[in-house]
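Undergrad: Sequence and predicted structure are below.
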Amino acid sequence: MKTLQRFFIITFLIVFSYSLCSVANSTIADKDSLIVDNTNNSNPIGLTPVEIDWLSKHPVITVGTDPNWAPFEFRNDKGENKGIVIDYLTTIENILGIKFEYSEAETWNEMYENLKEKKLDVIANITQTPERAKKILFTKAYFSTPTSIFANKDVRFIGDLSELAHKKVSVVEGYVLYEYLRKDYPEIVLVPVKNIQEGLEKVRKDEVFAFIDGMLPVSFYAYDKAYSSIRIVGETPYGFDLSMGVRNDWPELVTILQKALDSISESEKTNIYNNWITLRVQKFDYWLLGKILIPLVVVLLFVLYWNRKLKSEIEKRKLAQHELDKAFKELKDTHIQLVQTEKMATIGFLTAGIAHEIKNPINYISQGLKGVKEGTSSIIQIAEKYDEMLSKFSDEEKFVIQKLMEELEYEYYKKECLNLIRDVQLGADRILEITKSLAVFSRSAADERVETDINSCLESTLVLLRNQYKYTVEIVKDYGTIPLVKCVTGKINQVFVNIVANAIQAIPEKGKIMIKTFAENGSVKISIKDTGTGIKGENLKTIFEPFFTTKPVGEGTGLGLAISKKIIDEHKGAIQVFSKVGEGTEFVIGLPTQ
């Protein structure tokens with residue numbers, strides 16, 4: 001539909017541009033300015049005595065007009081000022097009983113500089129901006145005209161000015177349009193020109209891609225055969241709101257001119273406008289219009305047929321794409337399920353085997369350590385008894401015994417033996433703790449749902465991951481009093497391992513992981529929050545999708561969180577993630593107790 005709309009717009013602009021240009025030149029050549037006689041010495045516009053006195057002291061006012069902006073204002077071949085604006089000025093002369101003298105500036109920029117320097121009194125055709133308002137005074141706008149984009153006929157329709165990015169576009173230097181474009185579209189390469197003719201000439205010679213100015217003025221000048229290849233190719237959001245600008249030390253003149261403008265009736269304004277814009281229908285070339293429209297109608301019918309055919313093809317492709325997307329999703333879900341099942345089976349098999357193989361020798365070591373401890377204590381007691389009886393031996397015997405005690409470091413080992421046994425016992429107990437944690441993982445790897453203490457699962461997770469965080473991450477635990485949850489323990493443990501491991505990896509140097517559990521509205525909530533780098537907002541929407549990962553190639557499969565979400569969904573639970581870049585990430589898991 002957008003293609004069809006653009007087609008209609010292009011067709012309208014081509015026809016309208018041709019129609020307007022076909023009469024413009026003769027209109028300018030034939031028309032004289034319309035003089036409305038509103039002379040009335042009875043002060044009908046309500047001038048104050050101060051204003052009347054001011055006018056009497058300034059009977060002649062110099063006015064700057066643009067010599068190249070027909071039909072609003074221009075100089076004809078005889079050097080006379082003509083156009084819509086000139087007719088307004090002539091009407092105001094009659095209303096106020098004053099005389100306007102026109103400047104001979106050749107460019108708008110020169111005229112504007114003269115006004116700021118008070119070499120001119122008024123510019124009759126200027127658009128107010130905040131920057132200009134700092135330097136000159138303004139009446140209210142009394143006329144508005146839209147601006148258009150003009151280019152050679154091989155240029156397609158331009159729907160937005162952003163399409164001109166990095167292209168050369170000519171604009172009359174000093175016009176408010178130049179300021180707007182430079183501010184709002186800095187990527188457009190602006191080429192300043194002195195007037196409309198120079199801008200059109202650059203388009204004709206392909207020195208610039210397009211020219212932007214008022215639709216009516218450019219259409220009048222584009223009627224020239226030299227510019228027959230130039231057409232309107234788009235519109236802009238800007239317009240020229242024409243006011244009268246006055247030197248900033250004459251505020252009285254602003255109010256006087258405003259009263260004069262306000263006194264011009266709507267019918268007088270319409271007469272002035274029609275005097276320059278009315279199209280001469282009798283000169284319109286209908287044969288040419290027919291030659292243009294007939295091929296366009298044929299093309300339009302072809303476009304309608306082709307659009308209908310394309311619409312049918314698009315519907316078929318959408319249906320096929322939907323089926324492909326559905327099949328791909330099922331394939332991803334199957335792959336995740338296989339990975340998860342295989343991983344759980346492997347974990348169950350390995351952890352069960354490791355736990356069994358470690359448990360037996362550790363039991364032997366623990367039992368042996370108890371015997372060693374008891375035996376060592378007995379030996380130390382006997383040695384201490386001999387030490388007490390040492391005084392009964394002869395000096396020679398004492399010497400031999402003391403020398404032997406020094407060689408064997410008796411005193412040192414007497415103190416350290418029990419400490420060494422205690423340390424070995426602590427190591428054995430630590431291995432037993434790890435073995436129990438592995439047993440928790442292997443206990444229910446076969447999808448068996450059992451009453452589970454979530455706090456114990458978290459403790460087991462921290463035991464298994466301790467080597468990854470013990471030097472860099474502080475674990476802050478806040479376990480609440482929570483009910484048991486009926487779940488597949490091994491799978492829930494897998495979720496905790498995935499999330500805690502990710503939290504550890506998200507902390508670049510040192511940081512904290514806060515783990516909190518609590519009961520709420522018939523469910524157990526688990527919050528795992530880190531002080532890591534955080535997750536970008538655009539990634540939060542896809543973080544649970546299969547194979548999505550921000551880790552370098554080879555360091556992650558992108559399945560950990562996808563599997564975790566699937567496990568939580570299977571348990572009728574919920575998992576949420578909250579994150580802020582530079583502050584950290586929080587995962588909140590909810591598991592129903594029923």
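TA: Received the coordinates, thanks. Numbers count the residues shown, from 1 in each chain.

Undergrad: When you work out contacts or count neighbours from here on, use the C-alpha atoms and nothing else.
TA: Noted.

Undergrad: which SS class is the nearest residue to residue 524 once chain neighbours are set aside?
TA: Nearest residue to residue 524 in three dimensions, chain neighbours excluded: residue 591, at 5.2 Å (Cα to Cα, 6 or more residues apart in numbering). Secondary structure, DSSP: H, G, I helix; E, B strand; the rest coil: residue 591 is strand.

Undergrad: Next, work out how far apart residue 591 and residue 80 are.
TA: Residue 591 is 89 Å from residue 80, where distance means Cα to Cα, to the nearest Å.

Undergrad: ok, those two, which is more surrounded?
TA: A count of neighbours by other Cα atoms under 10 Å puts residue 591 above the other of residue 591 and residue 80, at 24 against 10.

Undergrad: ok, the more buried one - contacts?
TA: Residue 591 makes contacts with 485, 523-525, 568, 571-574, as judged by Cα atoms under 8 Å, 6 or more residues apart in numbering.

Undergrad: of those, closest to residue 297?
TA: Closest approach between the contacts of residue 591 and residue 297, by Cα to Cα: residue 574, at 59.6 Å.

Undergrad: How many neighbouring residues does the closest one have?
TA: Residues near residue 574, counting by other Cα under 10 Å, number 17.

Undergrad: Repeat that for residue 50.
TA: As a burial measure, residue 50 scores 10 neighbours (other Cα under 10 Å).

Undergrad: what helix or strand is it on?
TA: Taking DSSP states H and E as the definition, one finds residue 50 inside helix 49-57.

Undergrad: Centre of the chain to that helix, how far?
TA: Relative to its parent chain, helix 49-57 has a centroid offset of 58 Å by Cα atoms, centre = their mean, to the nearest Å.

Undergrad: List the buried residues for it?
TA: 52, 55 (16 or more other Cα atoms under 10 Å).

Undergrad: Check which element follows it along the chain.
TA: As assigned by DSSP H and E, the chain's next helix or strand after helix 49-57 is strand 60-64.

Undergrad: Can you spell out which helices and strands pack onto that following strand?
TA: Contact partners of strand 60-64 among helices and strands, from 3 or more Cα pairs under 8 Å, 6 or more residues apart in numbering; DSSP states H and E: strand 99-102, strand 122-127.

Undergrad: most tightly surrounded among these?
TA: Counting by mean count of other Cα atoms under 10 Å, strand 122-127 has the highest mean neighbour count of the helices and strands packed on strand 60-64, with a mean of 25.

Undergrad: mind checking how far stretch 76-87 is from the chain centre?
TA: The answer for stretch 76-87 is 50 Å, by Cα atoms, centre = their mean.

Undergrad: What are the buried residues along it?
TA: Buried, per 16+ other Cα under 10 Å, within stretch 76-87: 81-87.

Undergrad: again with stretch 126-133
TA: 126-128, 132.

Undergrad: and if you look at stretch 566-582?
TA: Neighbour count says stretch 566-582 has 566-568, 571, 573-575, 577, 579 buried, by 16+ other Cα under 10 Å.

Undergrad: which outside residues touch that stretch?
TA: Residues outside stretch 566-582 that contact it (Cα under 8 Å, 6+ apart) are 487, 491-492, 495, 532-537, 540, 565, 585-592.

Undergrad: When you filter the residues you listed down to buried only, what's left?
TA: Here, 16+ other Cα under 10 Å leaves 487, 491-492, 495, 532-535, 565, 585-592 buried among those.

Undergrad: Now, these that are in strands?
TA: Among these, the residues falling in strands (DSSP state E) are 487, 585-592.

Undergrad: Helices of the stretch 51-200 of the chain, start to end?
TA: With DSSP state H, counting those that start in this stretch as the criterion, the stretch 51-200 of the chain has helices at 84-96, 108-116, 176-184, 196-204.

Undergrad: Please export the alpha-carbon coordinates of the first one; CSV is fine.
TA: This points to helix 84-96. The C-alpha trace of helix 84-96 is given here as CSV (Å, rounded to 0.1, in the frame of the first residue of the first chain):
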residue,chain,number,x,y,z
ILE,A,84,2.5,39.9,-3.4
VAL,A,85,4.6,41.6,-0.7
ILE,A,86,4.9,44.8,-2.8
ASP,A,87,1.1,45.0,-3.1
TYR,A,88,0.9,44.6,0.7
LEU,A,89,3.4,47.5,1.1
THR,A,90,1.5,49.7,-1.4
THR,A,91,-1.7,49.1,0.5
ILE,A,92,0.0,50.0,3.8
GLU,A,93,1.4,53.2,2.1
ASN,A,94,-2.2,54.2,1.3
ILE,A,95,-3.4,53.4,4.8
LEU,A,96,-0.6,55.3,6.7
